[in-house]
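Asker: Can you look at this prediction? I've put the sequence above it.
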Amino acid sequence: MMSPQLAKGRAEYRKAFWSARGLFIVAGIFSCFVNLLMLTGPLFMLQVYDRVLASGSEETLLVLFVLVAGLFAIMGVLDYLRGRILANAGARFQAMLDGRVFDGVMRQSLSPTARARPASAMRDLESIQQFLSGNAPFAFFDAPWVPIYIGAIFLFHPWLGAFALAAAVLLFFIALLNQMMTKQPEIDARIRAMESEKFAESMRREAETVRALGMGGAARGQWGKMRGEALDSQMQHSTRAGFFQTFAKTFRLFLQSAILALGAYLAVGGEISPGMMIAASILMGRALAPVDQAIANWRVFVRARRGAQALQEFFAVTPMVEPKTGLPEPKPKLEVQGLAVAAPGDRTPIIRNVSFAVEPGEAVGVIGPSASGKSTLARALVGVWPPLVGEIRLDGATLDQRSEGDLGSRIGYLPQDVGLFAGTIASNIARLSDTPDEAEVVRAAQRGGAHRMIVGLPDGYDTEIGDGGGQLSGGQRQRVGLARALYGDPPLLIFDEPNANLDSEGEATLVQAIRDAKERGCAIIVMAHRPSAIAACDKLLVMKDGTQQAFGPRDEVLRKTTTNHAQVTPINRGAAQGLPQGESA
């Protein structure tokens, strides 16, 4: 029985597909005229052999030739137009779902397990678009005319019709055999190709480690083995598919000659005219063309069918996000009550029983050892990971009451691993906006202590940083990420290990940026692993093993944890107050 989610996914896919039904109808109408005009050749041959040659009339031949030339010209135009119509249908289908698929891929990628798999939804959508834009759909539009062509051959002679019918059935079974014999090799080739691509991508991401540890040869050997298996499966599939395609084409040509021989036998016996003999051969070739075309494009059809099934399943697991009612600009007040959070797709909490509040103009530091749940809490506070239990409210409204774009513009987030994108520094600070506020870009960089570093680069804010910000150092990426978080002066700031790659000057700038944000009335949360990050914090939240250990004024929490010898964090009181640091956690 189909699940409700899958039923919704199929309904969403069908709605998008049939949104172009008007184009499909027009293409179908054009196909009718094209197939009718396909009778021009056989009828011309019939008239030439049975009337022109018999009468010897050159005038009749000229009139027939001019008429046939006009009909073929019309057929060519209609055939071209139906191809363009189907291409437009494919483009409309893809354009309608491009944004939906992109959003779904982004949401699905939030799951740690999903990030480990190559996203295929975009390739699935493209495979359907390529199917609609190619020659494969013509086989479906022309297939209903096969009985009509065979019926016309029956009018010439029952033997000719029976021969054409048997030929069509034989080619149909060849098409089925092609599908059965090539299905598994094609699946094996696709799986092994995806595995090799995944391995190569993981090696690319860790290229520095691979090079530094001398793992290149071993990695290349493993990839070569996986690639070889993929190529073997691909060759097996190509060999079988090529055999059936060549056999079907050759067999169809033989059948056309065979029906011509049968027609000649009947013509010699006086049962049909020579024109009927030629016309029957042409008509049978046309009747068998859709089957031959289906075999030739079978791989494209199978890929599109698989892509359609995969897209429906994808829509089922990533349902559409319903529009949200717009809410006013929130006050910078954050409340967390009884919060438990797990990774998307999992039900085992990583953090649980967390409750605290952040008032306007207040900074809260979250401290604790590694794997205590700090980064998980940060992901929940920015709305990336939804709560299993409990609530997160910004100015009284839960985070899910705001749209993704609206919520993102109200939050300044600096993740532990700063992710930058190909483009200029300015576009990254402006969050890839199409209409960036240049003055705000500079202001955010100044507040984040990145302005002097940026203008010191050859092209300043217009410096191209490459994919992932590869042209910048770790500290420079951290500063640009901080400026991006401050862009637009959001009321809520969440920093996850903001000083991980900063030197002493950068840490001092960070502390000053936090103090400036407090003066502007922002609410700030800092996930800290190094003491200097909490120097400007008013309160501390202590985490351990995913649970809240303490929350309150910074000095009071530090005093209690020190007095109770709670080995929750090695951050000492002096370092937190901005004095010389003790040992880093």
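Answerer: Arrived safely, thanks for sending.
Asker: what about the helices in the stretch 201-350 of the chain?
Answerer: Remark: helices assigned in the stretch 201-350 of the chain by DSSP state H, counting those that start in this stretch are 207-212, 216-268, 274-296, 298-317.
Asker: Among those helices, which comes closest to residue 560?
Answerer: helix 207-212 (41.8 Å; C-beta to C-beta). The way it works is simple: take the backbone N, C-alpha and C, and place the C-beta from them, glycine included.
Asker: could you give me the average pLDDT of the closest one?
Answerer: On average, the pLDDT along helix 207-212 is 68.
Asker: Kindly report the same for stretch 178-198.
Answerer: 77.
Asker: Same question for stretch 465-478.
Answerer: 82.
Asker: How about stretch 532-551?
Answerer: Stretch 532-551 comes out at a mean pLDDT of 88.
Asker: Would you mark the buried spots in it?
Answerer: Within stretch 532-551, the residues that qualify as buried are 532-544, 546-551, counting by 16 or more other C-beta atoms under 10 Å.
Asker: Now, those that are in strands?
Answerer: 539-544, 547-551 (DSSP state E).
Asker: With distance to residue 222 added, can I get those in CSV?
Answerer: Rendered in CSV, the data for these read as follows (distance: C-beta to C-beta, whole Å):
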residue, distance to residue 222
539, 50
540, 47
541, 44
542, 44
543, 39
544, 40
547, 41
548, 44
549, 44
550, 48
551, 49
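Asker: and which of these is nearest to residue 211?
Answerer: Among these, and counting by C-beta to C-beta, the member closest to residue 211 is residue 543, at 36.7 Å.
Asker: Who does the closest one form a beta bridge with?
Answerer: residue 548 (DSSP bridges).
Asker: Can you name the residues that contact it?
Answerer: 351, 354, 366-368, 372-374, 377, 549, 568 (C-beta atoms under 8 Å, 6 or more residues apart in numbering).
Asker: Dump these to JSON lines, plus distance to residue 413.
Answerer: Output for those, formatted as JSON lines (distance: C-beta to C-beta, whole Å):
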{"residue": "351", "distance to residue 413": "18"}
{"residue": "354", "distance to residue 413": "18"}
{"residue": "366", "distance to residue 413": "14"}
{"residue": "367", "distance to residue 413": "19"}
{"residue": "368", "distance to residue 413": "19"}
{"residue": "372", "distance to residue 413": "19"}
{"residue": "373", "distance to residue 413": "17"}
{"residue": "374", "distance to residue 413": "14"}
{"residue": "377", "distance to residue 413": "13"}
{"residue": "549", "distance to residue 413": "25"}
{"residue": "568", "distance to residue 413": "25"}
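Asker: with the ones in strands among the buried residues of stretch 532-551 in mind, which one is nearest to residue 230?
Answerer: So of these, ranked by how close each gets to residue 230 (C-beta to C-beta), first place is residue 543, at 45.2 Å.
Asker: Distance check, the closest one against residue 365.
Answerer: Noted for residue 543: a distance of 11 Å to residue 365, by C-beta to C-beta, to the nearest Å.
Asker: before we move on, what about residue 349?
Answerer: 23 Å.
Asker: More neighbours: the two, which one.
Answerer: Comparing residue 349 with residue 365 by neighbour count (other C-beta atoms under 10 Å), the higher total belongs to residue 365, at 26 against 19.
Asker: what angle separates the helix or strand hosting that one from strand 539-544?
Answerer: Taking DSSP states H and E as the criterion, residue 365 maps to strand 363-367. Per axes from the mean of the first three to the mean of the last three C-alpha atoms, to 10 degrees, the angle that strand 363-367 makes with strand 539-544 is 20 degrees.
Asker: Next, residue 158: phi, psi?
Answerer: phi -60, psi -40 (degrees, to the nearest 10).
Asker: what's the burial count for it?
Answerer: 11.
Asker: likewise the one 4 residues further on?
Answerer: Here the number of neighbours of residue 162 (other C-beta under 10 Å) works out to 14.
Asker: Low-confidence ranges, the stretch 101-250 of the chain, go.
Answerer: By pLDDT under 70, the low-scoring segments of the stretch 101-250 of the chain are 111-119, 205, 208-210, 212-213.
Asker: Likewise for the stretch 401-550 of the chain?
Answerer: 530-531.
Asker: quick one: the helices in it?
Answerer: Using DSSP H, counting those that start in this stretch, helices in the stretch 401-550 of the chain cover 404-410, 425-429, 438-447, 451-455, 474-486, 504-519.
Asker: Would you convert these into JSON lines that also reports mean neighbour count?
Answerer: Shown next, in JSON lines, are the helices of the stretch 401-550 of the chain (neighbours: other C-beta atoms under 10 Å):
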{"stretch": "helix 404-410", "mean neighbour count": "15"}
{"stretch": "helix 425-429", "mean neighbour count": "25"}
{"stretch": "helix 438-447", "mean neighbour count": "18"}
{"stretch": "helix 451-455", "mean neighbour count": "17"}
{"stretch": "helix 474-486", "mean neighbour count": "24"}
{"stretch": "helix 504-519", "mean neighbour count": "18"}
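Asker: one step back: give me the contacts around the strand holding residue 365.
Answerer: Under C-beta under 8 Å, 6+ apart, the answer for strand 363-367 is 356, 358, 374, 377-378, 514, 517-518, 523-529, 533-534, 536-543, 554, 568-569, 571, 576.
Asker: returning to that earlier point: quick check, nearest of the contacts of residue 543 to residue 88?
Answerer: Closest to residue 88, out of all of the contacts of residue 543 and judged by C-beta to C-beta, is residue 377, at 49.1 Å.
Asker: My understanding was that that closest one contacts residue 351; is that so?
Answerer: Yes - contact between residue 377 and residue 351 holds when scored by C-beta atoms under 8 Å: they sit 5.8 Å apart.
Asker: circling back: what's the most buried one of the helices of the stretch 201-350 of the chain?
Answerer: helix 274-296 (a mean of 23; mean count of other C-beta atoms under 10 Å).
Asker: What helices and strands are in contact with it?
Answerer: Helices and strands touching helix 274-296, by 3 or more C-beta pairs under 8 Å, 6 or more residues apart in numbering; DSSP states H and E, are helix 40-47, helix 136-142, helix 146-156, helix 158-205, helix 216-268.
Asker: residues in contact with the first one?
Answerer: Contacts of helix 40-47 from elsewhere in the structure, counted by C-beta under 8 Å, 6+ apart, are 64, 68, 71-72, 75, 152, 273, 275-276, 278-280, 282-283, 286.
Asker: next one: that helix to chain centre, how far?
Answerer: 51 Å (C-alpha atoms, centre = their mean, to the nearest Å).
Asker: go on, the fourth one?
Answerer: With C-alpha atoms, centre = their mean as the basis, helix 158-205 stands 25 Å off its chain's centre.
Asker: Next: the longest one.
Answerer: Using C-alpha atoms, centre = their mean, we find the averaged C-alpha position of helix 216-268 to lie 31 Å away from the chain's own average C-alpha position.
Asker: unless I'm mixing things up, residue 321 is touching residue 104, no?
Answerer: No - using C-beta under 8 Å, residue 321 is not in contact with residue 104, being 9.4 Å away.
Asker: quick one, which of those two is more surrounded?
Answerer: residue 104 (22 against 13).
Asker: Export stretch 532-545 to CSV, keeping only CA atoms.
Answerer: Output in CSV follows, covering the C-alpha atoms of stretch 532-545 (Å, rounded to 0.1, in the frame of the first residue of the first chain):
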residue,chain,number,x,y,z
SER,A,532,39.0,34.7,25.5
ALA,A,533,35.6,34.1,23.6
ILE,A,534,33.6,34.6,26.8
ALA,A,535,35.4,37.7,28.0
ALA,A,536,32.5,39.9,26.9
CYS,A,537,29.7,37.5,28.0
ASP,A,538,27.4,38.4,30.8
LYS,A,539,26.1,34.9,31.5
LEU,A,540,27.4,31.3,31.1
LEU,A,541,25.6,28.1,30.1
VAL,A,542,27.6,25.0,31.0
MET,A,543,27.1,21.9,28.9
LYS,A,544,28.3,18.4,29.5
ASP,A,545,27.3,15.1,27.8
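Asker: Could you single out the nearest of the contacts of residue 543 to residue 130?
Answerer: Nearest member of those to residue 130, counting by C-beta to C-beta, is residue 377, at 44.3 Å.
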